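Participant: just the structure for this:
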Amino acid sequence: MLSVVLVVLAALCNATASVLQRKVDRDEPVDGPTGLSLLWDLAHRPAWIAGIAALIVGFLLQAAALATGPIVLVQPLLVLELPFTLLLAGAVFGSRLHAREWTAIAGMSLGLAALLYALAPSGGDPLSPSVGTWVVGLAVTLGVAGIFVVVGHRSCGSRRAAAFGLATGIGFGLTAVLVAAIGAVWKSSGWPGLLTSPFTWLLVVLGPVFFYLLQRTLQAGPLVASQPFLTLFNPVVAVGFGVAVFGERVNGSGWLVLAVAGAVLIGAGTVLLARSPLLTRTEGGDSADVSTDGRHTDRA
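Facilitator: Numbers count the residues shown, from 1 in each chain. A predicted model of the protein is given here:
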């Protein structure tokens with residue numbers, strides 16, 4: 001029960017962080033500063049600082065939830081971040097989601113819940129896989145994330161935000177996996193093991209990379225384009241990694257029918273949302289022209 005409370009609070013903090021950072025990032029031109037220059041510019045905005053504070057609190061709450069409960073319970077509940085974010089965004093930006101968007105989001109969320117419930121991973125140990133298994137899992141996960149980063153760079157407007165959001169969701173799922181592994185190291189070896197563990201240093205390196213990618217995601221387009229992919233692919237990656245690398249067991253036989261139905265719902269919801277007219281609008285309902293170089297120009 002403690003894990004559930006912690007992860008719900010983490011989802012609310014993450015949603016608050018997304019809205020506050022998007023409020024600032026949307027004023028940054030897509031072809032404006034990048035890298036450290038972008039972060040330096042954003043760091044002078046009070047709303048962005050507040051968003052970072054909420055993100056840090058959310059991360060700490062999620063880490064505490066992973067330390068007190070299994071990853072298969074914690075990560076799926078982070079889906080609550082999606083409705084929290086869209087509701088907060090509606091209040092802050094004055095934008096409204098219509099039946100099409102809510103149907104897509106509900107379908108994706110229900111599909112994810114059905115998929116994870118049907119598979120019901122159990123057991124597993126982050127410290128049991130061989131080095132080779134970890135390397136393959138990390139390489140595949142980072143490779144898929146990298147593909148969507150490239151797709152995002154070659155796209156513009158809402159499609160760029162969606163691609164970057166998907167890559168960021170994969171990255172955040174991977175960081176959750178590393179946090180779970182670090183928690184296992186802490187329980188078995190304490191501080192000495194924590195400071196010498198490769199999982200700790202991987203998190204130190206990859207955490208800032210995906211944090212920066214989150215800023216590019218929020219800068220690229222409206223939250224309705226990026227947040228569903230950012231939120232939903234986080235638990236998919238974390239649970240998938242748990243099954244393939246940690247060795248968690250999943251249900252088979254008749255449960256696979258429900259798992260496939262869940263996957264179909266996720267796919268259908270994704271397609272429905274991707275075709276939403278809101279993906280060509282900015283927050284607040286104004287149309288957004290996208291020039292050939294990828295910049296947004298809002299019309300009053």
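Participant: quick one: R100 is in a helix?
Facilitator: Yes. Membership of R100 in a helix is supported by DSSP: H, G, I helix; E, B strand; the rest coil.
Participant: pretty sure it sits against L272.
Facilitator: Yes. The pair R100 / L272 is scored as a contact, 6.6 Å apart, by Cβ atoms under 8 Å. In short, each C-beta sits where N, CA and C put it, glycine included.
Participant: show me what contacts the residue lying closest to L178 once chain neighbours are set aside?
Facilitator: Spatially, and ignoring its direct neighbours in sequence, L178 is nearest to L203 (4.5 Å; Cβ to Cβ, 6 or more residues apart in numbering). Applying Cβ atoms under 8 Å, 6 or more residues apart in numbering to L203 gives the contacts 175, 178-179, 182.
Participant: equivalent analysis for L214, please.
Facilitator: 21, 168, 230.
Participant: show residues contacting stretch 47-58.
Facilitator: For stretch 47-58, contacts defined as Cβ under 8 Å, 6+ apart pick out 9-14, 16-21, 23-25, 42-43, 211.
Participant: restricted to buried residues, select those residues in PyMOL.
Facilitator: To isolate the buried subset of these in PyMOL, counting by 16 or more other Cβ atoms under 10 Å, use the following:
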select buried, resi 9+10+11+12+13+14+16+17+18+19+20+21+23+24+25+42+211
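Participant: take the contacts of stretch 47-58 and keep only those in strands.
Facilitator: When the contacts of stretch 47-58 are checked against strands (DSSP state E), there are no matches.
Participant: the contacts of stretch 47-58 in helices, which ones?
Facilitator: The helices, defined by DSSP state H, take in 9-14, 16-21, 23-25, 42, 211 from the contacts of stretch 47-58.
Participant: now name the helix or strand holding the residue nearest to L178.
Facilitator: Using DSSP states H and E, L203 sits in helix 198-220.
Participant: buried set for that helix?
Facilitator: 199-200, 202-203, 206-207, 210-220.
Participant: swap in stretch 235-248?
Facilitator: Across stretch 235-248, burial judged by 16+ other Cβ under 10 Å covers 235-242, 245-246, 248.
Participant: do the same with stretch 257-269
Facilitator: 259, 262-263, 265-266, 269.
Participant: pLDDT below threshold where in the stretch 201-300 of the chain?
Facilitator: The model of the stretch 201-300 of the chain has pLDDT under 70 over residues 273-300.
Participant: now do the helices in it.
Facilitator: Along the stretch 201-300 of the chain, counting by DSSP state H, counting those that start in this stretch, helices occupy 223-244, 255-274.
Participant: kindly reformat those helices as JSON lines containing distance to R159.
Facilitator: Listed next are the helices of the stretch 201-300 of the chain as JSON lines, based on distance: least, Cβ to Cβ, whole Å:
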{"stretch": "helix 223-244", "distance to R159": "8"}
{"stretch": "helix 255-274", "distance to R159": "9"}
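Participant: quick one: the residue nearest to L178 from L194, how far?
Facilitator: Going from L203 to L194 by Cβ to Cβ, to the nearest Å gives 11 Å.
Participant: overlap of the contact sets of those two?
Facilitator: Common neighbours of L203 and L194 (Cβ under 8 Å, 6+ apart) are I182.
Participant: from F172, how far off is T231?
Facilitator: According to Cβ to Cβ, T231 stands 9 Å off from F172.
Participant: let me redo that: G137
Facilitator: 16 Å.
Participant: which one's more surrounded, the two?
Facilitator: Remark: of G137 and F172, F172 carries more neighbours, 27 against 18, as counted by other Cβ atoms under 10 Å.
Participant: element containing that one, please.
Facilitator: Assigned by DSSP H and E, F172 falls within helix 157-196.
Participant: quick one, that helix and helix 198-220 angle?
Facilitator: 160 degrees (axes from the mean of the first three to the mean of the last three Cα atoms, to 10 degrees).
Participant: report the buried residues of helix 157-196.
Facilitator: For helix 157-196, by 16+ other Cβ under 10 Å, it's 157-185, 193.
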